[in-house]
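Asks: 3D model of this:
(one chain, ligands or ions: 1)
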Amino acid sequence: MAALRIEEGERADPLVHDPLAQAFIAAAGGGDTPTTAVLPAGASAFLALRTRFFDDAVLAACATGVRQVVLLGAGLDARAFRLDWPPGVRLFEVDLPELFAFKEPVVASAGAVPRAGRIVVPVDMRKDWTGPLTAAGFDGAVPTGWLAEGLLPYLNGAESDRFRSDVTGLSAPGSHLLFDHLHGIASDRPAMQATSTAIRQTAGAQLSTMDDPAAWLAGYGWRARTAHMAGERGDAAAATGCLAEDVVLISPLTAQFRFHGRDEIRPVLETAFEVFRDLRFHTEVGDADTRALFFYAKVGRDEVEEAQLLRLDAAGHIRELTLFGRPLPVVTAVMADLGPRLLRRQGRPGLARVVRLATAPLAAMTRLGERRLVPLADPARARRTRTPR
Ligand SMILES: C[S@@+](CC[C@H](N)C(=O)[O-])C[C@H]1O[C@@H](n2cnc3c(N)ncnc32)[C@H](O)[C@@H]1O
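Replies: Below you'll find the predicted structure:
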């Protein structure tokens, strides 16, 4: 982790700057660890994003008034020293005793000064850890910001469930629980296999996975917020980054042509994000190769529901994306709006006008049909006529 954070800190516009990473690496003898030696391409970018995501999230929790923060499985995390904590934050770091036996002398000899009240709690979380945390001064009566970055894959199913009960039991109303986990489809991807094997060997751990963290928390008093960031933020660049180079996009509107390749699809996504607002993913199902995602979005004043059938390549990039939508009047309205926008973007304003003129009557007809004709086919109406008097 420290080695990857050094890599990130050396970039021109780093997401994270870890002032202690160099000292940790030097104390460990420098060079690659068995794990960093086999990390897949993109590992440092992934870690930088994850670290920055949780930096922002834990400070956002503090902005709601939280003044007690617990880093679970803190590892060589230097947040106590590098984040701009509001005054009065007490920050507990929980990890294995052997971790602090290494970390604390390095912190001391670097002369690092924590920017919050820092308290370390050396304990094995597979045993009772709430007792030592409370003995160290943790107060269960005030809201807590829990952050378990990279920890849960190291706990097995039963240990994770105990973690959930323990954390919930110690959480006053207004607490925040931040964590990440490996999805089942990620753990055995070719890109992850060497890393997983190295982690298993060095940490002696069986990496666990969790496919539905929101369901795991259901019934424990937490309100879960899961995010499909690129789509929900309308971020076409990030969404394009999820695509394979030779991706194919199959439109719900036509069987006449398909969009091929990232360069062709990016403007389609940019245009789609102009038309679709307030995307909310509600369901995801599938396996390692095929996923189906469902979301609601606003189109003007209407609500549309879309499904995306994704076929993934070995690296987890989308190689085929098929879109479906309902209800028909909104889908035709989307067609009437999106097609001309896309053509204008392609520098074909004349064709854009033709398509707008040609599709407008269809959109109007389906809307009229929806209002006037479709109610006649309502099964409730048929049931009412069949009901004996
Ligand atoms: C992948 S590291 C993450 C470290 C840090 N949170 C970060 O993201 O940089 C996982 C951490 O969990 C700690 N850990 C694993 N099993 C643990 C256990 N049973 N009790 C306490 N800590 C544990 C490890 O010592 C390690 O520091």
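
Asks: so P132: helix, strand or coil?
Replies: helix (DSSP: H, G, I helix; E, B strand; the rest coil).

Asks: then L178?
Replies: Assigned with three-state DSSP, L178 falls in the strand class.

Asks: what is the burial count for it?
Replies: 18 (other CB atoms under 10 Å). Every residue, glycine included, has its C-beta placed from N, CA and C.

Asks: over to A116?
Replies: 20.

Asks: hmm, it is touching A80, no?
Replies: Yes. Judged on CB atoms under 8 Å, A116 makes contact with A80 at a distance of 5.8 Å.

Asks: shared neighbours of these two, anything?
Replies: Shared contacts of A116 and A80 (CB atoms under 8 Å, 6 or more residues apart in numbering): L91.

Asks: mind giving me the domain ranges of this protein?
Replies: 2-217, 235-375 (automatic domain parsing).

Asks: and the strands in this protein?
Replies: 68-72, 90-95, 117-122, 144-148, 176-179, 243-250, 259-260, 277-286, 290-299, 302-312, 318-326 (DSSP state E).

Asks: which strands and helices sit next to the shortest one?
Replies: Packing contacts for strand 259-260, counted by 3 or more CB pairs under 8 Å, 6 or more residues apart in numbering; DSSP states H and E, involve strand 243-250.

Asks: picking that back up, would you turn the strands of the chain into a markdown table with mean pLDDT and distance to N156?
Replies: As requested, the strands of the chain are exported to a markdown table (pLDDT from 0 to 100; distance: least, CB to CB, whole Å):
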| stretch | mean pLDDT | distance to N156 |
| --- | --- | --- |
| strand 68-72 | 98 | 16 |
| strand 90-95 | 98 | 18 |
| strand 117-122 | 98 | 21 |
| strand 144-148 | 98 | 15 |
| strand 176-179 | 95 | 16 |
| strand 243-250 | 93 | 34 |
| strand 259-260 | 94 | 44 |
| strand 277-286 | 84 | 24 |
| strand 290-299 | 91 | 26 |
| strand 302-312 | 93 | 27 |
| strand 318-326 | 94 | 32 |
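
Asks: of all those, which one is nearest R372?
Replies: Closest of the strands of the chain to R372 is strand 302-312, at 17.1 Å (criterion: CB to CB).

Asks: interface residues of the chain facing the ligand?
Replies: 1, 73-75, 77, 95-96, 99, 124-126, 149-151, 154 (CB under 6 Å from any ligand atom).

Asks: so which pair among these is furthest apart in space?
Replies: M1 and R126 (20.8 Å).

Asks: show me what contacts V247?
Replies: Neighbours of V247 in contact, by CB under 8 Å, 6+ apart: 260-262, 265, 317-321.

Asks: looking at these, state which has the most neighbours.
Replies: Sorting the contacts of V247 by how many neighbours each has (other CB under 10 Å) puts L321 first, at 24 neighbours.

Asks: quick check: it vs the ligand, distance?
Replies: Going from L321 to the ligand by CB to the nearest ligand atom, to the nearest Å gives 32 Å.

Asks: distance of that residue relative to Q346?
Replies: 20 Å (CB to CB, to the nearest Å).

Asks: so what touches stretch 139-148?
Replies: Residues contacting stretch 139-148 (CB under 8 Å, 6+ apart): 54, 57-58, 61-62, 64-73, 134, 138, 163, 167, 169-180.

Asks: not counting sequence-adjacent ones, nearest residue to A101?
Replies: Once flanking residues are discounted, A101 sits nearest to P122: 7.9 Å by CB to CB, 6 or more residues apart in numbering.

Asks: what helices or strands is the lengthiest helix in the chain leaning on?
Replies: For the chain, the longest helix by residue count, based on DSSP state H, is helix 349-372. Contact here means 3+ CB pairs under 8 Å, 6+ apart; on that basis helix 349-372 packs against helix 328-345.
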